[in-house]
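S.K.: With the sequence up front, the predicted model follows.
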Amino acid sequence: MIDGMTASESPLPDEDDNPASAFAWPDSAAARRQWLAHGHVAAILDRRALPVLPPALPEEQRDACSSADPAGFLCRRQALRALAGAVLGRPPESLRITRSESGAPLLPGSGISVSLSGRPPLSAVLIADKPAGIDIEAIIGADGIPWNMLRAVERQGLEALPETVRGEAFSRLWSAKEAYAKALGQGFRLPPESLVIEPGGKARFCPAGGMSDLPDGTVRLARLEPGQGKAVIIALALLST
Ligand SMILES: CC(C)(COP(=O)(O)OP(=O)(O)OC[C@H]1O[C@@H](n2cnc3c(N)ncnc32)[C@H](O)[C@@H]1OP(=O)(O)O)[C@@H](O)C(=O)NCCC(=O)NCCS
């Protein structure tokens, strides 16, 4: 054991081999097929080439004013209501996105779990039949790694890598943690070092003081290269319950 974890733990969970198609915007019929097949639908939107989306609601336009990225804020809600409307068989304008006390997005009365992420010009939206989280992370350089926010075994794993790939490996680990933290509905109210990502993408909450009653999850990673843009990491976490 190293730092309370098994030595086999690694900051490099599995990667999706076809991210562009996995996260392409689906029409209503495709969204329903994905929902029936997988129990979730995820999409990445690029604001430079948006699909036709339902109009923003007045309250969304009002709330967007307090966002650091009003256009992304609106696009995520329009896209989320379009996807949820497709799988629920309801008009998107009849749906309302609220947020929990901790800031997690909610679709009350739908039985659908939702998650959002933004890295301009990209936005990620996820709907799922179980608690789930999505994250888009920029790939940082090795000199930007916040070593003090990592577990000892994670630091060792990253230090063992060539410097040229270390920043991307960190971004993948961080993105996985953030998606899992969102699936738990807490975000980084949970200390990042308490979120453990194992090989194969199993995610666990391991608080410093002992046992956890929070559910495990599974995280999938993808590297996406948007047209004319820098590559980003996408993480999608689904809880085990
Ligand atoms: C949730 C959190 C991890 C998002 O990280 P980020 O890298 O800034 O932003 P992302 O673009 O990936 O995600 C933003 C989305 O997270 C969602 N979100 C916010 N709080 C959330 C929570 N507790 N659980 C799940 N999702 C949450 C929001 O829907 C937001 O989308 P929106 O801007 O369209 O509303 C981060 O904001 C967080 O941990 N917040 C809680 C702790 C906190 O408030 N810290 C303050 C500074 S110490």
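M.R.: Received, thanks.
S.K.: Backbone torsions only: list them for the residue nearest the centre of the chain.
M.R.: The residue lying closest to the centre of the chain (CA atoms, centre = their mean) is residue 134, at 1.4 Å. The phi/psi pair for residue 134 (degrees, to the nearest 10) reads phi -130, psi 150.
S.K.: next one: the one 4 residues further on
M.R.: For residue 138, the backbone dihedrals are phi -70, psi 150 (criterion: degrees, to the nearest 10).
S.K.: Please give me every residue in contact with it.
M.R.: Neighbouring residues of residue 138 by CB atoms under 8 Å, 6 or more residues apart in numbering: 119, 171, 230, 232. C-beta here means a position set from N, CA and C on the backbone, and glycine is covered the same way.
S.K.: try 10 Å this time
M.R.: Shown in contact with residue 138 (CB atoms under 10 Å, 6 or more residues apart in numbering): 119, 122, 144, 167, 171, 174-175, 230-233.
S.K.: just residue 82 next, same as before
M.R.: By CB under 10 Å, 6+ apart, residue 82 lies in contact with 25-28, 31, 43, 51-54, 92, 95, 125.
S.K.: one more time with 7 Å
M.R.: If a contact means CB atoms under 7 Å, 6 or more residues apart in numbering, then residue 82 has 53-54, 92 as its contacts.
S.K.: Check residue 86 too.
M.R.: With contact set as CB under 7 Å, 6+ apart, residue 86 has these partners: 28, 31-32.
S.K.: In ChimeraX, select just the buried ones from those.
M.R.: This is the ChimeraX syntax for the buried subset of the contacts of residue 86, where burial follows 16 or more other CB atoms under 10 Å:
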select :31,32
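S.K.: and this structure, which residues reach the ligand?
M.R.: 67, 73, 76, 102-105, 115-118, 135, 178, 181-182, 185-189 (CB under 6 Å from any ligand atom).
S.K.: rerun that using 5 Å as the cut-off
M.R.: 73, 76, 102-105, 116-118, 135, 182, 185, 187-189 (CB under 5 Å from any ligand atom).
S.K.: List the buried residues for the helix or strand hosting residue 223?
M.R.: Remark: residue 223 resides in strand 217-224, with elements defined by DSSP states H and E. Neighbour-count burial for strand 217-224, counted by 16+ other CB under 10 Å, picks out 217-222, 224.
S.K.: just the angle between the following helix or strand past it and strand 217-224, please?
M.R.: Once the chain leaves strand 217-224, the next helix or strand it forms, by DSSP H and E, is strand 232-239. Counting by axes from the mean of the first three to the mean of the last three CA atoms, to 10 degrees, strand 232-239 lies at 160 degrees to strand 217-224.
S.K.: which secondary structure elements does strand 232-239 contact?
M.R.: strand 40-46, strand 122-128, strand 132-138, helix 163-183, strand 217-224 (3 or more CB pairs under 7 Å, 6 or more residues apart in numbering; DSSP states H and E).
S.K.: Alright, calling it a day.
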